[in-house]
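S.K.: build me a model from this:
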Amino acid sequence: MEQLLWVLILMAACGITAAVTAHLTEGKSRRRSIEEAFGRFLHPDIVLRVADNPDRFLSGELREITILFTDLEGFTTISEKADPATLFSVLSLYMDSMTEVIMQSGGTVDKYIGDALMAFWGAPCDQPDQAERACGSILDMIARMPEVNKLVEARGFPPLKMRAGIYTGQAMVGGAGTRHTCYTAIGDTVNLAARMEPLNKKYDTLIIVGEPTMKAAGNRFRFRHLDSVEVKGRKEAVDIYELTGRAESA
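M.R.: This is a model prediction of the structure:
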């Protein structure tokens, strides 16, 4: 009887050990998956913070963020006549360069949509200066375009011209999807940011931001009021501004 008791105790201990080992293995595997997934779009320091507390960052939360949308002027027309291999090479070169700038400023690259790019600041980690980061980042991205275009033209491709729209406000951010989780943002603020970028064509500008972004960025940048525009889904007009550069004292 005593021998049987020890056998049962040993079996229970083995079961507990196996469960703990499985849990630890699963935890390491999950952490590795998170680091691999987010490492492509986030600064390494932010990736580590997400991996340390994934449930908090992936469960979904309402946050104030600053969202950036970019697009390449006339790229669809140009790409229809381009060699697929060259097109892929040019897009990869462009996206890699722009992503590097965003990540250096602590931004989160949400997704690539053809030649368009979506990114945001203020999540997954708090960034009180998110609007400043976003404005500074897009100016740095445009400043890098001549360097990018030298490489683009060397491939026999026409120079690229980037336009951008930025808006600051509340949005839901977190992990979307069950099988393949992606960290993304949804909500009215996202829609407003997406509608800022196409307005550049009408006003012959490169960067248009909403009033909340202009106010949050403070006096470190120069803005020019463009108009009050009606946006689909909004009863009140939205004030828009052109971001023309950094303030001289910044």
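S.K.: what about residue 241, which SS state?
M.R.: strand (DSSP: H, G, I helix; E, B strand; the rest coil).
S.K.: residues in contact with it?
M.R.: Residue 241 makes contact with 208, 209, 210, 211, 214, 223, 224, 225, 226 under the criterion Cβ atoms under 8 Å, 6 or more residues apart in numbering. Any C-beta I mention is one placed from the backbone N, CA and C, and that applies to glycine too.
S.K.: closest one of those to residue 171?
M.R.: Proximity of the contacts of residue 241 to residue 171 was ranked by Cβ to Cβ; the top entry is residue 210 with 13.1 Å.
S.K.: partners of the closest one in the sheet?
M.R.: Under DSSP bridges, the beta-bridge partners of residue 210 are residue 240.
S.K.: correct me, but it touches residue 238?
M.R.: Yes. Residue 210 is in contact with residue 238 according to Cβ atoms under 8 Å; the separation is 6.1 Å.
S.K.: now for these two: what residues contact both?
M.R.: When Cβ under 8 Å, 6+ apart defines a contact, the residues bordering residue 210 and residue 238 alike are residue 192.
S.K.: ok now the helix or strand hosting residue 183, how far from the chain's centre?
M.R.: Assigned by DSSP states H and E, residue 183 belongs to strand 182-186. Computed by Cα atoms, centre = their mean, to the nearest Å, the chain-centroid distance of strand 182-186 equals 9 Å.
S.K.: tell me which of residue 210 and residue 238 has more neighbours.
M.R.: With neighbours defined as other Cβ atoms under 10 Å, residue 210 and residue 238 compare such that residue 210 has more, 25 against 18.
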